[in-house]
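In: Need a 3D model of the following:
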Amino acid sequence: MVNTRSMLPLKLQLRGWDWFGHYRFPIFLAAIAVTLLYCALFVPSPVPGETGTDLAVLAILPVVASMFIALRQRRVLGLQHYATHGDANSNFKLVVELARAEGWKPGEYQSEKFIRLHVPACWSDLCWGELVTVVFDGNDVAISSICDPTKANPSLTSWGRNAGNLEKVKHVLRII
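Out: Next comes the predicted model:
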């Protein structure tokens, strides 16, 4: 999906292991639910006359939790669109300078139209790092900060660090 005002995407696109890393927790909960349903339907009970309905009912909890977490994870992939005073090239340079000043490491995907930055983990916080994405189109930008799906154990919440990263990018691009 693309914004009609400019050619900026509306959602951050994740592929391969990044997609799996982002949706890892809801996938794990869904696997628990499938295992419980399999045991309820196909594994005989050790107690004669007892059915697996208790396990089947218990499988509802991870399914519901998985759906809510997956919807939340999908929602955080939305990009926020802003207009700036500078063109794409100057905005790109400003974001690169911010990354150097903050110690953010550039990802494997970057060009004059797109930059992806890995924010290192801070041991004093309860998260494993974030992934900041900025897409440039003329004087329009789309920005996003999510918990880094490339980490071995990505977080479900950033405890406010994603919002702080967005504010830093907005401040350097003079978006208030």
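In: Domain map for the protein?
Out: 22-73, 78-172 (automatic domain parsing).
In: next SSE after the strand or helix carrying Ile27?
Out: Element membership of Ile27 [criterion: DSSP states H and E] is helix 24-42. Next along the chain after helix 24-42, taking DSSP H and E as the criterion, comes helix 53-58.
In: what sits up against that next one?
Out: 36-37, 39-41 (C-beta atoms under 8 Å, 6 or more residues apart in numbering). Placement of C-beta: from N, CA and C, glycine included.
In: Tell me the buried residues within these.
Out: Neighbour-count burial (16 or more other C-beta atoms under 10 Å) applied to the contacts of helix 53-58 gives 36-37, 39-40.
In: just curious, which of those residues is nearest to Lys151?
Out: Leu36 (28.5 Å; C-beta to C-beta).
In: Report pLDDT for the closest residue to the closest one other than its chain neighbours.
Out: Distances taken as C-beta to C-beta, 6 or more residues apart in numbering place Ala59 nearest to Leu36, at 3.8 Å, with adjacent residues excluded. Looking at Ala59, its pLDDT is 84.
In: Ok, Trp17 next?
Out: 88.
In: thinking it is in contact with Thr150, fair?
Out: Yes: counting by C-beta atoms under 8 Å, Thr150 is a contact partner of Trp17 at 7.4 Å.
In: quick one: which of these two has more around it?
Out: Using other C-beta atoms under 10 Å as the criterion, Trp17 and Thr150 rank with Thr150 on top: 17 against 11.
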